[in-house]
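Chemist: Starting from these lines, generate the structure:
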Amino acid sequence: MDEIIAQLKTLALAEAFPFILKAAGALVLWFMGRTVINTFRRVLNLTLQKRQFDATLIRYIESLFTGAMTILLLLGILGMMGFETTSFAALLAAAGIAIGTAWSGLLSNFAAGIFLLVLRPFRVGDEIAAGGATGVVQEIGLFATTIDSSDSLRISVGNNRLFSDNIINFSHHPHRKIVVKVPLVHGGDIQGLMRAFEERVALVPEVQAKPAPSVEVAEFTVHGPVLGIGVYCKPPQASAVQAGVAEAAAEILTAAGYIVPAQAAPQAQAIAKVG
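Modeler: Residues are numbered from 1 along each chain as shown. Modelled structure (predicted):
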């Protein structure tokens, strides 16, 4: 019996005690590693905020950084305790390849979302046309972008479709040009109408004085010239200004006793509301 107890003590000293020391060292390494990771995460957060990165992008970069560093820390702890980490790393790589293949479409949207947040071709609140949707951007997610259309429809467009398409940003510049086309007939007082249009559209609310409104001959048709009334306004007021300019043009034409050409009537009604 004494021999068995002595052997157990020897075994405990030879096997159990070193394992306990390794486990204690692993715990210490875990807490120290987590402290270092959290410190670097805070530094990364402050750096990205100073560079004015998007808040959504900052959160995801932090998550990716924390996750990657935690996996490396776990691999280091397992290696210190004597476990074979090569097979574990190979298993992680195989799982990553399998997940990437299965989620290829989702990952392409994710990658496109990162580029949209970094390159910023548009921001939340901008009016854009891209990916078959037109409206005001409500949210730029990492997988899809949410757009509200002018008829109060909520549209979610995959980021990859947005990023691979032409993006028209109507809100990028401080002012936007609106052009309303008015078809005329040959033989009328074109110059007089052009002057009347310039004076009248300058009074439309939200039309900017600089650059000043302009009226030009946009094209010629068999019925007569087509005038283009160009005005500038702030992007959010574009729809209201376009309607105001069309109504002003209709007033001038009505006062002048203008008759719409038969072939141009539908276009005039749609653009300038002349009947």
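Chemist: Give me the contact list for stretch 149-161.
Modeler: Contact partners of stretch 149-161, identified using Cβ atoms under 8 Å, 6 or more residues apart in numbering, comprise 105, 108-113, 116, 130-135, 138, 141-148, 239. All C-beta spots, glycine's among them, are computed from the backbone N, C-alpha and C.
Chemist: let's see it at 6 Å
Modeler: 108-109, 112-113, 116, 131, 133, 135, 144-148 (Cβ atoms under 6 Å, 6 or more residues apart in numbering).
Chemist: And it, what's buried?
Modeler: For stretch 149-161, the neighbour count (16 or more other Cβ atoms under 10 Å) marks 155, 157-161 as buried.
Chemist: same check, this time on stretch 176-193
Modeler: Buried, per 16+ other Cβ under 10 Å, within stretch 176-193: 176, 178, 180-184, 190, 193.
Chemist: In those, find the pair that's most separated.
Modeler: Between any two of the buried residues of stretch 176-193, the greatest separation by Cβ to Cβ is 27.0 Å, found for R176 and I190.
Chemist: Report the beta-bridge partners for the spatially most central residue of the chain.
Modeler: The residue lying closest to the centre of the chain (Cα atoms, centre = their mean) is I140, at 4.4 Å. When bridges are called by DSSP bridges, I140 pairs up with T145.
Chemist: following the helix ranked longest in the chain, which helix or strand comes up?
Modeler: When the chain is parsed with DSSP state H, its longest helix is helix 17-50. Under the assignment DSSP states H and E, the closest C-terminal helix or strand after helix 17-50 is helix 55-80.
Chemist: Tell me if I'm right that G224 and G188 touch.
Modeler: No: shown here, G224 and G188 do not form a contact pair, counting by Cβ atoms under 6 Å, at 7.2 Å.
Chemist: quick one: which two of the buried residues of stretch 149-161 are the most distant?
Modeler: With Cβ to Cβ as the measure, no two of the buried residues of stretch 149-161 lie farther apart than I155 and N160, at 15.4 Å.
Chemist: still on that earlier bit, most neighbours among the contacts of stretch 149-161, please name it.
Modeler: Of all the contacts of stretch 149-161, T145 has the most neighbours under the rule other Cβ atoms under 10 Å, reaching 28 neighbours.
Chemist: Pull the number of nearby residues for L117.
Modeler: 20.
Chemist: Please, which helix or strand holds it?
Modeler: helix 104-119.
Chemist: For the residue nearest to A130 when sequence neighbours are not counted, give me phi and psi.
Modeler: Of all residues not flanking A130 in the chain, I167 sits nearest, at 4.2 Å (Cβ to Cβ, 6 or more residues apart in numbering). Main-chain torsions, I167, degrees, to the nearest 10: phi -110, psi 120.
Chemist: Relative to I128, how far out is I167?
Modeler: Distance of I167 to I128, given as Cβ to Cβ, to the nearest Å: 6 Å.
Chemist: who's more crowded, those two?
Modeler: Comparing I167 with I128 by other Cβ under 10 Å, the one with more neighbours is I128, at 23 against 15.
Chemist: which regions of this protein sit below the pLDDT cut-off?
Modeler: 1-19, 54-57, 82-92, 94-105, 259-275 (pLDDT under 70).
Chemist: try 50 this time
Modeler: 264-275 (pLDDT under 50).
Chemist: I'd like to know which of the buried residues of stretch 149-161 is nearest to G67.
Modeler: N159 (21.1 Å).
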